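A.B. asks: could you work out the structure for the sequence below:
(2 chains)
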There are 2 protein chains.
Amino acid sequence: MAPAPLPRRLLLGPGPSNVHPRVREAMAQPLVGHLDPAFLGVLEAVQASLRHLFGTHNAMTLPLSGTGSAGMEACFVNLLEPGDTVVIGVAGVFGERMNEVAARAGARVTRVEAVPGTPLEDAAMAEAIARVRPRAVALVHAETSTGVLQPVEGIAAAAREAGALVVLDCVTSLGGLPLALDDWGVDAAYSGTQKCLSVPPGLAPASFSERAIERVRTRDTPVQSWYLDLGLLAGYYGEQRVYHHTAPISAILGLAEGLRLVEEEGMEIRAKRHLESAKALVEGVLPLGFTPLVEEAHRLPMLTSLRLPDALIRSGEAALRHRLLERYGIEIGAGLGALAGRIWRIGLMGENARLTNVEALLIALRRELR
Amino acid sequence: MAPAPLPRRLLLGPGPSNVHPRVREAMAQPLVGHLDPAFLGVLEAVQASLRHLFGTHNAMTLPLSGTGSAGMEACFVNLLEPGDTVVIGVAGVFGERMNEVAARAGARVTRVEAVPGTPLEDAAMAEAIARVRPRAVALVHAETSTGVLQPVEGIAAAAREAGALVVLDCVTSLGGLPLALDDWGVDAAYSGTQKCLSVPPGLAPASFSERAIERVRTRDTPVQSWYLDLGLLAGYYGEQRVYHHTAPISAILGLAEGLRLVEEEGMEIRAKRHLESAKALVEGVLPLGFTPLVEEAHRLPMLTSLRLPDALIRSGEAALRHRLLERYGIEIGAGLGALAGRIWRIGLMGENARLTNVEALLIALRRELR
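C.D. replies: I've put the predicted structure just below:
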């Protein structure tokens, strides 16, 4: 018996976002082999396009075969050995996750915390970096748990000056904000496909500088993950194109089309679209009693965190989220960690960063809150 | 500019295999969220169906968010701690990979080797198990590098008797051979989607017994991989359904449909179809000078390794493989490791295990070799 068709959803949470029909068609193409010259051509185009979007010339730029969290893990397990020191900026759940992942790689972690809802301060990071002189410094560009945009250049410069490698989480920023890894001095960056690229989750676009690769080459101990070992992955994602593991072919075909859509639109126009949508959202929800968690200068364009009206906190916000999903087909995100029950996270990411989607949400909210 | 359409291929290598149109359509459905009740319903059906195919009641049966190799890594990093002992049966490239992965988890590995092209011997494994009394014993059910089917029950019984956990690689067997993890006494098993399930690569169906879960629960050290930590994954893949990482939604929708196709056909008929196809292949290639590497009793039904005729070895087999791909759209597999250049690996997996595909290959070979 055929299963019930899935309901249509407007995905306005912290990811995934809705996927363009061209991407869905691309994933549904008949399969070709992972060593087929025709597929290797697609892979090459994907790698070139990711370089462009990341703002880098790094040869080792590739879609890792896991979700964004696998991308995070790949960075830490490759660059760190047991006993290495790392300074990690913690401004939310994903900075916290970095700590956990780095500790599991055997690293000695120095945490620098931000006041929730604000970015890390350059001075606090620079102080820790100067004191620890760590192997690596890690931070999150777009903290999806709070909606804060983190300035990168100052911290990266301090890290470079101390001889540290710079790791940047770009899960929510890639495809929504212009990135410039090379100019910023970032050595390892990772992202996901299901945010501003509007491709289904499953791959982690990532990029590693020559300094990062050199670090992997000169390790004393093997990378603890065989699956994510950059030295081994270079066999397939470099010029040789030899088998390491079977690449997720259909997902990469989808990513190729998603990247083509980004390039057709142009990153400048796309970034502007994200900004305009976020502005319209904030303007629209203010009269309903929601207020932005983050001050305007540090607000992410693709993810807006909103403090809930007191009445909604008291009555329980979960019920309203469920009504939005059931009655209107609109998914929005709850708060994570300490912010659970107190904020919502509204994503206007990639394909979804459009005024019509803002209006759809506002209509539903006005109706439910009146 | 739209990219050139991909060529049509008949995928008769060691995986991936061709994907049924219903699976491709399922993957191309508009996206829903990973916490959407509608998606969680699909996930539940996938987990139930995987239990059925694995032959287990294990609650912790799930599609891991990586390819088969990530499934291998998940087993070793969860069950082993640094200093733990493990006995690994090495009968080909994938047993060899197990060694590498276990060593990177800090385990002390005892290797037991098989003569290439034959299965591991129960007695040799039992001797090592009795001597080492390891934490875990690992072996490959269907060794894709040689085409050998490994009997499991004797080795698993010896392992259980010594109090060891049993790890089984089912990458190439799941969906092509009946599995019975519970009856065999297997504690941790993993597979891939791109072999006999005929679903694109990207997920690792896996299953863990209560004993395995208890082992993870009582570890002294955290699992070195955050991404593959079963204790954390249980939050999403167990009853709570809370966020750990964003599941590869579209890939799971495809897997759901692939599993439905398996259940509609019935595993008994499906296994018979694999057997018949492999028999027809061997009969067809014998007159062309190919001989099976593996004796009939130990031959895999879904993957046949063929010794090449001497003339073909001398003239270079790679050129003929390329001609098969370019002129006929047929992909077959080369030998790996020590067998490179000396054997071919022909996969008749999942949807592809059909006499018409055997005939298509034979026609092409006869034409090229005449």
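
A.B. asks: would you mind giving the domain segments of chain A?
C.D. replies: Using automatic domain parsing, the domain ranges for chain A come out as A:10-15+A:266-369, A:21-263.

A.B. asks: can you name the residues that contact A:Val216?
C.D. replies: Applying CB atoms under 8 Å, 6 or more residues apart in numbering or on different chains, we find A:Val216 in contact with A:Asn78, A:Leu79, A:Phe208, A:Val223, A:Leu230, A:Gly231. Every residue, glycine included, has its C-beta placed from N, CA and C.

A.B. asks: helices of chain A, start to end?
C.D. replies: For chain A, the helices defined by DSSP state H cover A:21-27, A:37-54, A:68-79, A:93-104, A:122-132, A:153-161, A:181-184, A:210-217, A:230-237, A:249-265, A:267-285, A:310-315, A:317-328, A:355-369.

A.B. asks: which residues touch the fourth one?
C.D. replies: Read that as helix A:93-104. Helix A:93-104 is touched from outside by A:69, A:72-73, A:76-77, A:80, A:86, A:88-90, A:109, A:111, A:114, A:138-140, A:143-145, A:167, A:169, A:171, A:336-337, B:222-226, with contacts defined as CB under 8 Å, 6+ apart.

A.B. asks: ok, 7 Å please
C.D. replies: A:72-73, A:76, A:80, A:86, A:88-90, A:109, A:111, A:138, A:140, A:143-145, A:169, A:336-337, B:222, B:224, B:226 (CB atoms under 7 Å, 6 or more residues apart in numbering or on different chains).

A.B. asks: pick out the residue nearest the middle of chain A.
C.D. replies: When CA atoms, centre = their mean is applied to chain A, the residue found nearest the centroid is A:Val171 (0.8 Å).

A.B. asks: Provide a list of residues in contact with that residue.
C.D. replies: A:Gly68, A:Thr144, A:Ser191, A:Gly192, A:Lys195.

A.B. asks: the closest residue to the third one other than its chain neighbours: neighbour count?
C.D. replies: It stands for A:Ser191. If the residues on either side of it in the chain are set aside, A:Ser191 comes closest to A:Leu174, at 3.8 Å by CB to CB, 6 or more residues apart in numbering or on different chains. A:Leu174: 26 surrounding residues under other CB atoms under 10 Å in any protein chain shown.

A.B. asks: close enough to count as contact, A:Leu174 and A:Pro205?
C.D. replies: Yes - between A:Leu174 and A:Pro205 there is a contact at 6.3 Å, judged by CB atoms under 7 Å.

A.B. asks: got any residues that touch both of these two?
C.D. replies: A:Ser191.

A.B. asks: I figured A:Leu361 hits A:Leu12, correct?
C.D. replies: Yes - using CB under 7 Å, A:Leu361 is in contact with A:Leu12, at 5.9 Å.

A.B. asks: neighbour count winner among these two?
C.D. replies: For A:Leu361 versus A:Leu12, neighbours defined as other CB under 10 Å are more numerous around A:Leu12 (27 against 20).

A.B. asks: OK, contacts around the more buried one?
C.D. replies: A:Ile330, A:Glu331, A:Ile332, A:Ile346, A:Gly347, A:Leu348, A:Asn352, A:Asn357, A:Leu361 are the contacts of A:Leu12 under CB under 7 Å, 6+ apart.

A.B. asks: in strands only, show me the residues you listed.
C.D. replies: A:Ile330, A:Glu331, A:Ile332, A:Ile346, A:Gly347 (DSSP state E).

A.B. asks: could you dump those into TSV and include distance to chain B, neighbour count and pLDDT?
C.D. replies: Shown next, in TSV, are those (distance: CB to the nearest CB, whole Å; neighbours: other CB atoms under 10 Å in any protein chain shown; pLDDT from 0 to 100):
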residue	distance to chain B	neighbour count	pLDDT
A:Ile330	11	22	98
A:Glu331	5	22	98
A:Ile332	10	23	98
A:Ile346	14	27	98
A:Gly347	11	29	98
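
A.B. asks: identify the farthest-apart pair in these.
C.D. replies: A:Ile330 and A:Gly347 (11.3 Å; CB to CB).

A.B. asks: give me the lowest-pLDDT entry from the contacts of A:Val171.
C.D. replies: Of all the contacts of A:Val171, A:Thr144 has the smallest pLDDT value, namely 95.

A.B. asks: show me what A:Val148 is bridged to.
C.D. replies: Counting by DSSP bridges, A:Val148 is bridged to A:Glu143, A:Arg299.

A.B. asks: thought A:Ala91 was touching it, still the case?
C.D. replies: Yes - A:Val148 is within contact range of A:Ala91, at 5.9 Å (criterion: CB under 7 Å).

A.B. asks: which residues are in contact with each of the two?
C.D. replies: With CB under 7 Å, 6+ apart as the test, A:Val148 and A:Ala91 both reach A:Pro119.

A.B. asks: A:Leu232 touches A:Val242, doesn't it?
C.D. replies: No - look at A:Leu232 against A:Val242 with CB under 7 Å: they stay out of range, at 9.9 Å.

A.B. asks: out of these two, which sits in the busier spot?
C.D. replies: A:Leu232 (18 against 11).

A.B. asks: in contact with the more buried one, which residues?
C.D. replies: Per CB under 7 Å, 6+ apart, neighbours of A:Leu232: A:Trp226, A:His244.

A.B. asks: what pLDDT is listed against it?
C.D. replies: The model's pLDDT for A:Leu232 equals 97.

A.B. asks: circling back to that earlier point, just the domains of chain A: most buried one?
C.D. replies: Counting by mean count of other CB atoms under 10 Å in any protein chain shown, domain A:21-263 has the highest mean neighbour count of the domains of chain A, with a mean of 22.

A.B. asks: most widely separated two among the contacts of A:Val171?
C.D. replies: A:Thr144 and A:Ser191 (11.5 Å).

A.B. asks: report the beta-bridge partners for the residue nearest to A:Arg51 when sequence neighbours are not counted.
C.D. replies: In this structure, A:Arg51 finds its nearest non-sequential neighbour in A:Thr61, 4.7 Å apart by CB to CB, 6+ apart. Note on A:Thr61: beta-bridge partners by DSSP bridges are A:Ser207.

A.B. asks: show me the contacts for A:Ser207.
C.D. replies: So A:Ser207 contacts A:Leu50, A:Phe54, A:Thr56, A:Asn58, A:Met60, A:Thr61, A:Leu181, A:Ala189 (CB under 7 Å, 6+ apart).
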